[in-house]
Every structure is written in C-alpha cells, then in structure tokens.
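**Q** A structural model of the following input is requested.
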Amino acid sequence: MTTAPDVPLRRAARPECCRHRLLPGPTLVFDGFFTHADEGGTRVPGRSMHAPARTAYCGVGMRAIVPDKVNICLNVRLYGAPGVRLSGAVSAQITGARNIALIALLATAPDMRRSRAWLADTLWSDSTAARGRANLRQLLHALRQSTGPALDQLFDNSRDQIALRTGTVTFEGSDTDGEFLEGIDLPEEGFEDWLRAQRIGQNLPAPAVFSATQTHVLPRILVCPFAETAAAQPGGIGDALSQELTGHFARSQLIDAISHFTSRALAGPDDAPAKDAEYVLTGQCREANGHLTVDATLIETDGHRVLWSDRQKIRLRDFLAGEDYLTSQIVGQALRIIMSRSIAAGSCTPLPELEAHSLLISAVALMHSFEKRHFHRAEAQLGEVIRRCPGHSVPRAWLAQWHLLRIYQKWSDDIPTDETKAQAAVRNALDLNAGCALSLAIDGNIQTILRRDFAAAQQRFDAAQDINPSSAFISQLNAVLDTFTGDGARAVALTDRAFMLSPRDPRRPFFQTLSAGSYVAGGRFDEAVEMAEASLRHNPLHLSAHRCRVIGLQLAGREAEARKAAGELMRLDPGLRVSEYQRNHPAAQSSISHIWADALRHAGVPVN
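**A** Residues are numbered from 1 along each chain as shown. Predicted structure coming up:
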C-alpha cells in the first residue's frame, strides 16, 4: 500500500468555547483563532468569514474551511534550521523533508519556476521517470489536501512546470544563520548534488584579482595513494586505486591530472607538487571479508577546505577484475562538485576575479545545461579565458562548440555569422596546437554538422583518437558522424564505449541525447526513447533530445506517445517543419534522414 507524504499542517486542541459548532476531526489554527464554518461562509465562534468558503481535507480525519480568496503569504527560511509556514488569513506550518525540499527547489530558481521533469528527477533520482512524476503528483496532492485553496494562490501549476507565484513568497534569515537547509537529509543523488552545489556557493572564499596572463586553463588535481588500513601487510590496493582514479580524471578532458608517479613520490598533501594542484583527492581503503571499503575526500588546496567526503563498499574481486563502478563513481562525483563550485563562483563573482580554470569549467557546464540564460553566460566566460590565456587552444575549441550548439538549439540570431565564428575559433585552436585532441574532435563535429564533409570529419576523429584513445567525448562526437552516415551498428558501439569510459561524466545528459540518436540509427528505438527521456529530465529544453524521443517513439510503433511527445516538441519549437528539418539536416542526402522526417510527419509535426 502506498503511504501518503507527510501531512504538513499542525493540529490544534479543540477549545471548550467552540464545542457546539465543531465539524468532525481536529481543528486547524487560522491566524491564532480556532475556526470552522459551513458551506457558504456561515459564521461560527472564533472569527467572521465574509467570503464563500469550501472544505479542505487536511489529512485523515481532518478538515477545515478556507475562504476561496484570502490573503496568504509563504514565509520561507532556507539557512540554519529550515522552515516553511503560511501566514496571513491562514497560519500553518509546513513540515516534512520532501515538502521543504520541493519549496526550496522552487524558491531558489531564478523565476521560482522549475520543470516537472527536473523536479521529479531531483527528488526521486533512483526512480523511473514515470514513478518520479507519479511521486511528484502525489506530493502536490497531499499539499493540496492540507492547504486547500491556499495552494492555488501560492503555486502556479501547468502541465510541464511548477512555480511559486511572485508576490506570495517572503524569505526570512540570511546565510549568517547557518548552513543552507541545515539538517535536511534526502537520500537522492540529484537532490544531494543540488544541495551540495548550493552549500558550496554559500561558502565561496573571498575572490582574488587575476589580471596577468595565466599558464593553465584547466584545474589540476593530484590523487594521493590511498592508505591501506587493514591489519594485514599492504597489498598495493591503495596504490592501484589511486592510479585508476588518476587515469579516469585524465580521460575526462575536464581536468588536468598530475602524474601518478609524481603522487607516489610525495611525502604528503603539503609537498610542493601537491601545492601546484587546485584539488587533492586522498583517502584510505580497507579489505575485509572479501570486500573493499573506500573512504575518499576531495580537498581544495587553497585553504585546505574539505569539499566532499564519501564511503563506497564493493566486492574486492570485482575491483581487481575491473568490473566495478567504484572509480567512475568517485571521479564523477568529484568532477560534479568541482563544476558546481565553478558555476557558483561564476554566477556571483566578476570575471576578472575568477581563476581561468574556474571560468572554463563553469562555461563548459553552462553551455551543456541548455538553459538560455546560462548558455549565454558561458560565451562571456570563454571570452575572458581566451583574453587571459591567448596561447591555449582548449578555450577556443569550446567556443567553437558553443557557436555550434547555439545554432542547433535555434538560439542564433544570425546563423551564417555563428557558422563563421565556429569555424574560425576551431581553426585558431588548431593553429595554436595541431595536436590538441579536443580541438580535432570539435573540428570533426563541425565538419559533420556544418560542412557536411563526412570524409574530413572522420579524418579529424581518427587523429583525435590516436592522440587520446580513451576520451568519452571524442567517442560520442564520432558516434554522431556514424549516426548521420547511417552506420547504426558502429554508432551504437561508439556510444556504448563512451559510457564505459566515463559512466558518471558530469555531461551525461548531453551524452544521452547523442546516444539517443545513435540508438535510433541502430534500430534500438525503445533504448533511444529511454536515453532521450533521461536527458530531458535534466535538460528539458534540449530540442535535439525532444526530436530523438518523437522519432524513437514513432519508429517503435508507440504512435499515441509519439503524438503526445510531438506536441511537447512543437510547444518548444513552434516553427519546426518537416520540410525544413529534412532540408537542413546534415544527413539530408541519405535515406536515414527521410526515415526520420517521415517519423516526425506521422507523429504530427507539420510538413510546411
């Protein structure tokens, strides 16, 4: 049996003076008065109700009358011990960790508005998309039961989004009152990532000013050999673990990993090479009863701040066989924290006061979030990195990718200009460093999508793979080329390899969209839909993911779902036409583009 979420309104004792007109069940406290009323606003002892009223059922055995239109305010305290209460015509306390988490997620959004998909994925990360949406509906239903008509005055609900109404929310307290959402414990990965990012932003150090030319654009991390704490003689597991972690960081192309041989020679995290790194990952491991328990800690070297600490437990034989997700889990979590910290700093600190590596990581994260206001911040941050580090190819390569994404997200006001700027940026990157694997891969993507020169694109990807054969990002972009040439089997193999190389990559939602296209080309339509929907839970405005979902559903024979998905796509992209899609698609001359165009048409996308 499904258990309803916490009932958030408090109950009050029944007063002697109101005994003769009480409705069944305990009484609610309204503005300090004990109040009940009949339909139509009949006056009862306690206060006068002038507006027509209705019964609000506030949990089992609990109901009260709330006016249809009352002056209600939502008072939110986010720092220290969190609290949410109604004030005005209705006075009540909202409790329950998930209720408070929902309101905090909405209250911290720029316009106090979030998509339902994002909320469901954040609050129920371990559930399926359908289960998460059902849980969200149940949570809102429970709030509606407990607040009655007040909910409609506080929340603006639509089919796709939930928002707090402007003018109804007031905030109490400040960050000097304590930690953000102190004591809230919600064991969901999405919520924990969001909460950690908010707390990191709260505790950012005072900025310095970086005006001189800087020598590196990526943050550096050093992984110390993990100490072995078992009673037996050290077996080299801690050293092997740190070597694996170093390799995973290096493959991400989001951070520079200091050599494992260097870390082995260190006397400790205060040794000179460690001080050259912005971050140090250290920890210990213990073997017992055939299992390996690993404690990992991420430290920011400036001030020796501990940013994250976690414990993982796996079977030792799985680790030794390379069949576990231990290292990718630790690396993915560490990279998410570093990216979250960079985004938080970039959102509240002037660009000249941020280190170049923090700007670059923030820009990469923002450009893959597919939210327009964040996306355009990324361009300014990349421009600042290029100004400060004119001899580096990496920020120019990412700027080329930014222009490419701007075109295909349909945010470009001048497509020819963006095309020219994308090609110029990657050309400048390769002029600075012809052996930069990232620049070669992004040039391959430009050759695929803008120039439609598939032979030149494959040459770029081959060169990039020769330089860095373990890059998940390069494999994903190469899979896009094979998707467009109709080689579905190779596209699927490349995208599966990318997830094997970096299963917890912070850019995973973007990778999932690219993978959805590969699965469509490979005829694995249901998997394509799963990938597209997983991506949309994080990036609900990503048009490419919406198109992949519609095409996958239609080709899988799920026509009713395809029509519904096409309606969502058309709300985001009302100018989409099948004829234009097919004409402008990089694979316009291939048979696969005709199949996809027909799928869109049958799902209800207009032809002209």
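
**Q** In three-state terms, label Thr282 for me.
**A** strand (DSSP: H, G, I helix; E, B strand; the rest coil).

**Q** what's the burial count for Gln589?
**A** 9 (other C-beta atoms under 10 Å). Just so you know, the C-beta spots here come from the backbone N, C-alpha and C atoms, and that holds for glycine as well.

**Q** again, but for Glu189
**A** Neighbours of Glu189 (other C-beta under 10 Å): 13.

**Q** Excluding covalently adjacent residues, which one is nearest to Arg452?
**A** Pro586 (5.2 Å; C-beta to C-beta, 6 or more residues apart in numbering).

**Q** For the stretch 401-550 of the chain, just list every one of the helices.
**A** 415-432, 437-449, 454-467, 472-485, 488-501, 508-521, 525-538, 543-555 (DSSP state H, counting those that start in this stretch).

**Q** and the first one, which residues are buried?
**A** Within helix 415-432, the residues that qualify as buried are 418-419, 421-423, 425-426, 428-430, 432, counting by 16 or more other C-beta atoms under 10 Å.

**Q** Please report the distance of Phe261 from Leu320.
**A** 22 Å (C-beta to C-beta, to the nearest Å).

**Q** cool, and Pro225?
**A** Taken as C-beta to C-beta, the span from Pro225 to Leu320 is 17 Å.

**Q** picking up where we left off before, using TSV, lay out the buried residues of helix 415-432 together with distance to Ser242.
**A** Below are those laid out as TSV (distance: C-beta to C-beta, whole Å):
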residue	distance to Ser242
Asp418	43
Glu419	44
Lys421	42
Ala422	39
Gln423	41
Ala425	36
Val426	35
Asn428	37
Ala429	32
Leu430	34
Leu432	32
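
**Q** any idea which of those residues is closest to Lys564?
**A** Asp418 (32.3 Å; C-beta to C-beta).

**Q** you'd agree that closest one is up against Ile407?
**A** Yes. Using C-beta atoms under 8 Å, Asp418 is in contact with Ile407, at 5.2 Å.

**Q** Now do Phe319: how many residues are near it, please.
**A** So Phe319, with other C-beta under 10 Å, has 21 neighbours.

**Q** Return the strand or helix carrying it as PDB; C-alpha atoms alone will do.
**A** Following DSSP states H and E, one finds Phe319 within helix 316-320. In PDB, the C-alpha atoms belonging to helix 316-320 read as follows (Å, rounded to 0.1, in the frame of the first residue of the first chain):
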ATOM      1  CA  LEU A 316      37.200  -7.000  -3.900                       C
ATOM      2  CA  ARG A 317      37.100  -9.400  -6.800                       C
ATOM      3  CA  ASP A 318      35.000  -7.000  -8.900                       C
ATOM      4  CA  PHE A 319      37.600  -4.200  -8.300                       C
ATOM      5  CA  LEU A 320      40.500  -6.500  -9.200                       C
END
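
**Q** so after it, what's the next helix or strand?
**A** That would be, after helix 316-320 and using DSSP H and E, helix 326-348.

**Q** before we move on, the earlier item: between the buried residues of helix 415-432, which sits nearest His403?
**A** Using C-beta to C-beta, the buried residues of helix 415-432 come closest to His403 at Ala422, 3.7 Å.
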